[in-house]
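Engineer: next input, structure requested:
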Amino acid sequence: MIRHKFTKPDYVYENIERLAEFRQKRNLTQQELSTAVGINYRLLKCYELGYQIPVKQNYNKLAEVFGWQKWEA
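Structural biologist: Model (predicted):
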């Protein structure tokens, strides 16, 4: 099986690294943010802890809330 390596833009990593900070500045709990953007709570928690980086669709949902640059490419 051939695996394709897709690279994520640097700003994706930078924004997700600070996700908890952005969320707390908005006075949102993880559960509230999860519900607002439609991302599973456990998955959102994994993003905040640095265990996973979101796929483009989930990143863009977060970008809508926080005013981040959208992941287009």
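Engineer: select the longest helix from this structure.
Structural biologist: Longest helix of the chain, by residue count under DSSP state H: helix 56-66.
Engineer: how far does that one sit from its chain's centre?
Structural biologist: Put simply, helix 56-66 sits 6 Å off its chain's centre (Cα atoms, centre = their mean, to the nearest Å).
Engineer: do stretch 22-29 as well
Structural biologist: 14 Å.
Engineer: please renumber so the chain begins at 58
Structural biologist: Right, with 58 as the first residue, what we last looked at is stretch 79-86.
Engineer: pLDDT (mean, whole number) over it?
Structural biologist: Stretch 79-86 shows a mean pLDDT of 96.
Engineer: in it, what's buried?
Structural biologist: Phe79, Arg80 (16 or more other Cβ atoms under 10 Å). The way it works is simple: take the backbone N, C-alpha and C, and place the C-beta from them, glycine included.
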